[in-house]
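[1] No letters, just coordinates:
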């Protein structure tokens, strides 16, 4: 089918002629359609069987008018292909932690996937001080499974490179390279910041040591093709409830540094922590929830580190360092030490990439809803100033980080004497 | 034309029907053909116009029976495509420093290129203690031009990734990953070493700290896609004379760490330095030539570092760190400091990759002719022991290297009291 955008009336006829849809819907007789997207980048429809509401799907179609770098349509088409490829990989490697994919039409730039009716966007839930007892366990499993099993620690050299070659994703990657690592720290028309923190924004832009460090993190982001990363894993890309977690919207996926994804998760939780200086005036409630968030960060990292190490030991099939390589007296100790250093490097790079991402949110093209939803600009500025100070330290002190308590320690030090 | 191997009698008819050959040969009437390859991996023919011997070409065709990993033919076909793509890129970026490509037939896995009649293989020339006054200048230009202009320092993000995507080269890369970074340091049937250095080979295999460091260099080799590297730039891949230098045989080319190529050049010169303990019994001649080789190493690095920095300043068009990024008070100093750290990192990684390559030559599948041509195994062992000691130190001490004299210093310290 040649590409054309679908409207509500075209959805049911489209669904009916897709063989895979017969596996989802027991009958096509009473399907209902509701458009729910904002029609900006994508059309999004919910299709439900009114005879059995448990049978429901999301149909998402890319629109051809996302304009970036004067090259709109190929980007948009690619976007849906990369998103679908990544979703399929996530389902394969971390089943139950991504929405299921039911159908995909590349020519139509369209994907049909599971409707997550009982989940909320994590960012909103954290602002509401919700608790997610399963999250640290789930997200650490997602990260370990996707990152480890797409890396050279598990795949053969050729298999890794052939998979990597299907995720070139050069146009979407440019967006992140520009908007995370470059433009926020220099004059660029799309930048946007709270005038009350202008002094700190200007100071970051003129801080030579910090600019060098950000450039070094960018070089790593651009060139270190370690594993299939989500590359946009903020709390707006996570839908969850108390017992279930799904990672959505992986259209930026490519082979990059593992730590970028880990840093995105941890840094977004810290941003939420800071947002409660605005959202939660009651100091007891605020401190209790902030303590909960720091525990969540500690749990995520500690779970990640433990599972990554266990997964490596139990699935050491990759060619990077084959088992036989460690076959000498003391070799198992050396292998353990190599793993320890590898995982510690991941934490240091988590600090580096996560730190940069604090800064970009405060002075680049997009902030986060946790902060923009604080109506009072002075209250918002309290959180923003802290975010800039913490981000700067995560970046500059990254090479001396040895455990997650060093990362948390910086948050505690910078927020120790906040007057709200 | 469907693939079939050409024999001598088929060459002239083939040449005659290729339009591009009319630009090389003023006439096809008196062409002569001589087969010169060993017929192992490739067929190689010299085609000459007897009416004008200045008109001559090399025709190189891949044979379909290179057997690696049970997957022979695709590897062989790819090999010729990667070699040709890289040769064309080298000619574009470093004109005069690679053989010219006249014609290419992908289906026939065949390339027609410049016949380098007046050049010798550098490895042989160094064993003969020849001097190459233009080499340090030429090879540093080759390295700077190819590495800088295929990196994110010059190309746009999408352009870099699209070029990178044409050099996946996953099968040939596996050969280097196995035979440089893995197999030599563990039991593997193809390994081969001088029994007189068996104690040192066993010690390397059982050295936990060294094995971890080699694994770390391998991770960087596999994952850091900085620029188009030659990936086999030993002195057997260089043909030259007193005034002209050409880099040949780039079939392993892919986007990898810049320092791998630099390390290959420097490390091969040190291996040649060591080989003169066997080849040059006269201590005065030997010391003079060894001093010449150390000067060559110093010149190559210093030329590389200076030209890389100048090229960067004069061609700062890439998106990694755009000019505007440094537009703040003190920004030019920060940019200079960033470049200084970037180039120092290249030197440290040069030590790391170069150091590993010393070791693989002493205990892996292939040594170097500089050493294998020393008939007396005891004399050969003198050089080999030194190579292992120097290689180990280059790897383990790489992070404290701040200038090329640190690398040379290790060579001088280890060879200070050699008794020949």
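    Now that the structure is in, tell me what you want to look at. Keep in mind that this is a model prediction, so the values were computed, not measured.

[2] And the nearest residue to residue A:415 once chain neighbours are set aside, which helix or strand is it part of?
    Once flanking residues are discounted, residue A:415 sits nearest to residue A:386: 5.8 Å by CB to CB, 6 or more residues apart in numbering or on different chains. To be clear about C-beta, it is placed using only N, CA and C from the backbone, and glycine gets the same treatment. Using DSSP states H and E, residue A:386 sits within helix A:377-396.

[3] do the same with residue A:362
    Counting by DSSP H and E, residue A:362 is found in helix A:331-363.

[4] for that helix, which positions count as buried?
    Of the residues in helix A:331-363, A:331, A:334-335, A:338-339, A:342-343, A:345-363 count as buried by neighbour count, 16 or more other CB atoms under 10 Å in any protein chain shown.

[5] now swap in stretch A:311-324 and tell me
    Residues of stretch A:311-324 classed as buried: A:311, A:312, A:316, A:318, A:319, A:320, A:321, A:322 (neighbour count, 16+ other CB under 10 Å).

[6] Find the centremost residue of chain A, please.
    Central residue of chain A (CA atoms, centre = their mean): residue A:233, 0.4 Å from the mean position.

[7] among the helices and strands of chain A, which has the poorest mean pLDDT?
    helix A:72-93 (a mean of 87; mean pLDDT, DSSP states H and E).

[8] What helices and strands are in contact with that one?
    Where contact means 3 or more CB pairs under 8 Å, 6 or more residues apart in numbering or on different chains; DSSP states H and E, helix A:72-93 is packed against strand A:56-62, strand A:101-105, strand A:110-114, helix A:135-149, helix A:170-181.

[9] Can I get the ones you listed in a markdown table including mean neighbour count, mean pLDDT and distance to chain B?
    Output for these, formatted as a markdown table (neighbours: other CB atoms under 10 Å in any protein chain shown; pLDDT from 0 to 100; distance: least, CB to the nearest CB, whole Å):
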| stretch | mean neighbour count | mean pLDDT | distance to chain B |
| --- | --- | --- | --- |
| strand A:56-62 | 22 | 94 | 19 |
| strand A:101-105 | 18 | 95 | 22 |
| strand A:110-114 | 22 | 95 | 24 |
| helix A:135-149 | 23 | 98 | 13 |
| helix A:170-181 | 21 | 95 | 4 |
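
[10] now the ones you listed as JSON lines including distance to residue A:19?
    Converted to JSON lines, the helices and strands packed on helix A:72-93 look like this (distance: least, CB to CB, whole Å):
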{"stretch": "strand A:56-62", "distance to residue A:19": "15"}
{"stretch": "strand A:101-105", "distance to residue A:19": "9"}
{"stretch": "strand A:110-114", "distance to residue A:19": "12"}
{"stretch": "helix A:135-149", "distance to residue A:19": "29"}
{"stretch": "helix A:170-181", "distance to residue A:19": "30"}
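
[11] Which among the ones you listed is found nearest to residue B:105?
    Residue B:105 sits nearest to helix A:170-181 of all the helices and strands packed on helix A:72-93, at 29.7 Å, using CB to CB.

[12] right, is the helix or strand following the closest one up against chain B?
    Next helix or strand after helix A:170-181 toward the C-terminus (DSSP H and E): helix A:198-205. Yes - residues of helix A:198-205 contacting chain B under CB under 8 Å from any CB of the partner chain: residue A:205.

[13] Please identify the buried residues of whichever helix or strand comes after helix A:198-205?
    Counting by DSSP H and E, the next helix or strand C-terminal to helix A:198-205 is helix A:208-223. The neighbour-count check on helix A:208-223 (16+ other CB under 10 Å) flags A:208, A:210-223 as buried.

[14] Report all helices and strands that helix A:208-223 contacts.
    For helix A:208-223, the elements it packs on are helix A:170-181, helix A:331-363, helix A:377-396, helix B:331-363, judged by 3+ CB pairs under 8 Å, 6+ apart.

[15] So is stretch A:395-411 next to chain B?
    No - using CB under 8 Å from any CB, stretch A:395-411 stays clear of chain B, coming no nearer than 11.3 Å.

[16] All set, thanks.
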